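[1] Take this sequence and fold it.
(one chain, ligands or ions: 1)
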Amino acid sequence: MKYTLEEVRQHAKPTDVWMVIHDKVYDVTKFLHEHPGGEEVLIEYAGKEATTEFDDVGHSSDAKEQMKQYLIGELAEADRKKKTKVDSGLTLDKRLALIAGSAAAIGVGLAMIFKANKK
Ligand code: HEM
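    Numbering: from 1, shown residues only. Model (predicted):
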């Protein structure tokens, strides 16, 4: 079954919660009370795209296994996000590490140039 974002948006009540994670549509209404992260976050993302937030929590493989029970369909192609390199599974932490690593490399490079010029 394919759903558009417009259809997902209609399910945004505490008694009817759908959300999109990795282009798949989940009906988590029955899971609200069981969610270890609390029902508030799920209700907050009711009817919305929650991929980044889901990934940033670093959900366990157990969690990913569990979510299959609530899968009801896929997001219509037209509504899917274009994939960019940053979206290819890099978590926020990894992105920050990459930026910090690049900044350190530039720093070392500048220090070397600075030293060489001093002589
Ligand atoms: C079908 C969707 C989801 C399932 C099956 C699910 C499942 C779980 C499970 C099993 C845990 C316990 C820790 C773990 O095993 O990783 C957890 C924790 C958590 N989840 Fe979810 N989750 C879902 C969606 C979301 C979404 C959309 C958000 C945020 C917008 C979210 C935020 C959190 C938070 C904040 C925690 C607590 C982490 C902690 O206490 O360390 N979850 N979730």
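[2] So which bits of the protein are right by the ligand?
    Applying Cβ under 6 Å from any ligand atom, one finds that the chain approaches the ligand through 19, 26, 28, 35-37, 41-42, 45, 50, 53-54, 57, 59-60, 62-63, 66-67, 70. Heads up, the C-betas are built off the backbone N, CA and C, glycines and all.
[3] Residue 75 - how many residues pack around it?
    Neighbour count for residue 75, taken as other Cβ atoms under 10 Å: 21.
[4] Identify each buried residue in the helix or strand hosting residue 72, please.
    For residue 72, the host element (DSSP states H and E) is strand 71-75. Neighbour-count burial for strand 71-75 flags 74, 75 (criterion: 16 or more other Cβ atoms under 10 Å).
[5] just stretch 61-68 next, same as before
    residue 67.
[6] repeat for stretch 24-43
    Result for stretch 24-43 [16+ other Cβ under 10 Å]: buried residues 24, 25, 26, 27, 28, 29, 31, 32, 42, 43.
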